[in-house]
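Engineer: Predicted model and sequence follow; I will ask about them next.
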Amino acid sequence: MNSLKLASLIILAVFLSACAPKQMYYWGNYSQSLYDTKKNPTEKSILTHQQSLENIIQESQKNNLRVPPGVYAELGYVYFRQNKKALAIHNFNMERKLYPESALLMDRLVIASKLAEKPKPSERIDLKNSNNKTSSQEK
């Protein structure tokens, strides 16, 4: 009787462990990094967030996981704010390739990246128009 219970427990444990969902994304410390950047947007916190995004991409690729949605786009925006347009456009295109539903937004961000100067923190890129105007210049 004891061996039957033991065998049942082992079979149950194996069965339940096989049902665990496979991890689809690697998020790293994204939440904490984003929180720190939004709470205290210093050059150091932005650089730390950039490194966190780059790490998420590297770890995802290393572990054959899909890069989480929005990570390439957010990293592209960080590069855009640093006036690294080629890297920004590359990341926007990677987001578009990985998540086709983001194509419209990513295409507009690529156009804005090609046309815009480095934005000041108080300026916002107007993605409705593909010219170089910002909302503060239109007022």
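Structural biologist: That came through fine.

Engineer: So which residue is dead centre in the protein?
Structural biologist: Val71 (0.9 Å; Cα atoms, centre = their mean).

Engineer: Please name the residues that touch that one.
Structural biologist: If you count contacts by Cβ atoms under 8 Å, 6 or more residues apart in numbering, Val71 has them with Tyr30, Leu53, Ile56, Ile57, Glu95. C-betas here are computed from N, CA, C, even on glycine.

Engineer: Please list the members of those that lie in helices.
Structural biologist: Tyr30, Leu53, Ile56, Ile57, Glu95 (DSSP state H).

Engineer: returning to that earlier point: as CSV, the contacts of Val71 with neighbour count, pLDDT and distance to Pro21 would be great.
Structural biologist: CSV is the format used below for the contacts of Val71 (neighbours: other Cβ atoms under 10 Å; pLDDT from 0 to 100; distance: Cβ to Cβ, whole Å):
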residue, neighbour count, pLDDT, distance to Pro21
Tyr30, 19, 93, 20
Leu53, 27, 97, 25
Ile56, 24, 97, 20
Ile57, 18, 97, 22
Glu95, 24, 98, 25
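
Engineer: could those go into JSON lines alongside distance to Ile89?
Structural biologist: Formatted as JSON lines, the contacts of Val71 follow (distance: Cβ to Cβ, whole Å):
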{"residue": "Tyr30", "distance to Ile89": "22"}
{"residue": "Leu53", "distance to Ile89": "16"}
{"residue": "Ile56", "distance to Ile89": "20"}
{"residue": "Ile57", "distance to Ile89": "16"}
{"residue": "Glu95", "distance to Ile89": "11"}
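
Engineer: can you name the two of the residues you listed that are farthest apart?
Structural biologist: Tyr30 and Glu95 (15.0 Å; Cβ to Cβ).

Engineer: And the residue lying closest to Ala103 once chain neighbours are set aside, how far from Tyr25?
Structural biologist: Leaving aside its chain neighbours, Ala103 sits nearest to Arg96 (5.2 Å; criterion: Cβ to Cβ, 6 or more residues apart in numbering). Distance of Arg96 to Tyr25, given as Cβ to Cβ, to the nearest Å: 18 Å.
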